[in-house]
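Trainee: Could you look at this predicted model? Sequence included:
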Amino acid sequence: MPCDEEDENEDLNHCVATILAIGTATPEEFVLQSDYPDFFFRITESENLVELKEKFKRICDKSGIQKRHLHLTESILAGNPELCKDSSETSSLLARQSISNAEVAALGARAAKKALQEGGHSAAEITHLIVATSNGIRMPGPDLAIAKILGLRHDVRRLMLNQVGCYAGGTALRIAKEMAESGGISTRVLIVCSEVGAFTFRPPNEKHPDRLVGSAIVGDGAASLVVGCRDPRLDSSPGQLLELHWAGQFFVPDSEDDLTATLSEQGLIYFLSKHVPDLISSSVRELLPTALAASSKTRDLAPNDLFWRSIREGERDKLRATRETLASYGNMSSPTVLFVLEEIVRQSSRSGEWGVLLSFGPGLTIEIQLLRRC
Ligand SMILES: CC(=O)CC(=O)SCCNC(=O)CCNC(=O)[C@H](O)C(C)(C)COP(=O)(O)OP(=O)(O)OC[C@H]1O[C@@H](n2cnc3c(N)ncnc32)[C@H](O)[C@@H]1OP(=O)(O)O
């Protein structure tokens, strides 16, 4: 459909998918990034790997992270010693799944309660539930556990996004937009992205220096959004935070081996090539014009007019919410972009009506949303 025609239909018939509330939660415990190398090498009994520890310190220093909330405290790791071993003879899968069974739903439900409370929504209003995690696979999944904790309706339509990786927050938003716009004014979609690093914690290994990067950057957290529809004939109200005008997904050709995560007896083994930051950076430069061209209202905007723009080459100030989120929480995988959204809403006095939300993960896959402040 030509874009002009699409906009005309949007104005006359379609409600606009709108983020109505955001809630976030983290484990109570946190570690300062400057203290983490000593903790990590001590708890995994790897103090003899002196050079590797120095490299790990350099990675932590350059990560842009100041602190991370982690569920796996010293006492939890002491109670699950198999997580601190890297031997193919030791299976840690069941221990990891057992931690995940209890914590993914509990943390996710804490974030969801905040979102419902913040927006003044009752559990009975929620018509759809999308839950994302890359921490374990269980049937029934944390979606059902979260529905029970929150007291959602028995006919709530649930969707579980398992093992999608760090872009799952963007995927959930894209699907929520489609659900809200096809369901109409009374549709309320609750998104919950929840990650506790039970599947990815592992000791340092000299043969796999890339795994040090994961150990240095991952954090735990959960974020939840309520997405509904705004009648375009009515003005937006204070409860409406951001409109979702367009959503797309892309993969970067020939990059499928640059970021992978493989389930094994030792949990989820990530591989992260050194090319990932540059591949993402150059792809974003190409994709931004595609996102802006999707609506006649943004077609004439330049990337600099957005309240958020490209990685690395962008004005540092426009990525402030992203950098602050990374500094305070690390890379929490799926909920990270939703934490960034919360920060953008908090910085509401800042300039710019339109913005682009980008999330990345294995594929390399990129999710893009074109957003407008209400
Ligand atoms: C998991 C998902 O589902 C999806 C996602 O999260 S997608 C996004 C994942 N994030 C990334 O891919 C980015 C990760 N990288 C970074 O944050 C930074 O590159 C970094 C903090 C690791 C290092 O910062 P930098 O400014 O690049 O510093 P740089 O000096 O080049 O690297 C520091 C050290 O790390 C090493 N290093 C960096 N990336 C590496 C990698 N992927 N593998 C192995 N070593 C790596 C470098 O070789 C260097 O080692 P020495 O000090 O011994 O020379």
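Mentor: Cool, the structure landed.
Trainee: Could you identify the helix or strand that succeeds whatever helix or strand Ala223 lives in?
Mentor: Per DSSP states H and E: Ala223 is located in strand 221-230. Using DSSP H and E, the helix or strand that follows strand 221-230 in sequence is strand 242-251.
Trainee: quick one: strands adjacent to that following strand?
Mentor: Each strand paired with strand 242-251, and its direction, by DSSP bridges: strand 16-25 (antiparallel), strand 365-373 (antiparallel).
Trainee: Export those as TSV, with columns for distance to the ligand, mean pLDDT and mean neighbour count.
Mentor: From N, CA and C alone the C-beta is placed, and that goes for glycine too. Formatted as TSV, these follow (distance: least, Cβ to the nearest ligand atom, whole Å; pLDDT from 0 to 100; neighbours: other Cβ atoms under 10 Å):
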stretch	distance to the ligand	mean pLDDT	mean neighbour count
strand 16-25	18	95	24
strand 365-373	9	92	22
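Trainee: Compare these and report which one is nearest to Ala132.
Mentor: Nearest to Ala132 among these is strand 365-373; the distance by Cβ to Cβ comes to 11.5 Å.
Trainee: Helices of the stretch 251-374 of the chain, start to end?
Mentor: Here the stretch 251-374 of the chain has its helices, by DSSP state H, counting those that start in this stretch, at 276-293, 320-329, 336-346.
Trainee: Most tightly packed of the ones you listed?
Mentor: Most buried of the helices of the stretch 251-374 of the chain by mean neighbour count (mean count of other Cβ atoms under 10 Å) is helix 336-346; its value is a mean of 23.
Trainee: Is that one in proximity to the ligand?
Mentor: No: contact of helix 336-346 with the ligand (Cβ under 6 Å from any ligand atom) is absent, the minimum separation being 8.0 Å.
Trainee: per-residue confidence averaged over that helix?
Mentor: The pLDDT scores in helix 336-346 average 92.
Trainee: Using the three-state scheme, assign the residue lying farthest from the centre of the chain.
Mentor: Here the chain reaches farthest from its C-alpha mean at Asn48, the gap being 35.1 Å by Cα atoms, centre = their mean. Going by DSSP: H, G, I helix; E, B strand; the rest coil, the secondary structure assigned to Asn48 is coil.
Trainee: gap between it and Pro203?
Mentor: According to Cβ to Cβ, to the nearest Å, Asn48 and Pro203 sit 12 Å apart.
Trainee: quick one, domains of this structure?
Mentor: What the TED database lists as the domains of the chain is 17-229, 242-373.
Trainee: Okay, and the beta partners of the nearest residue to Leu173 once chain neighbours are set aside?
Mentor: Leaving aside its chain neighbours, Leu173 sits nearest to Gln369 (5.7 Å; criterion: Cβ to Cβ, 6 or more residues apart in numbering). Beta bridges link Gln369 to Ala247, Leu357, judged by DSSP bridges.
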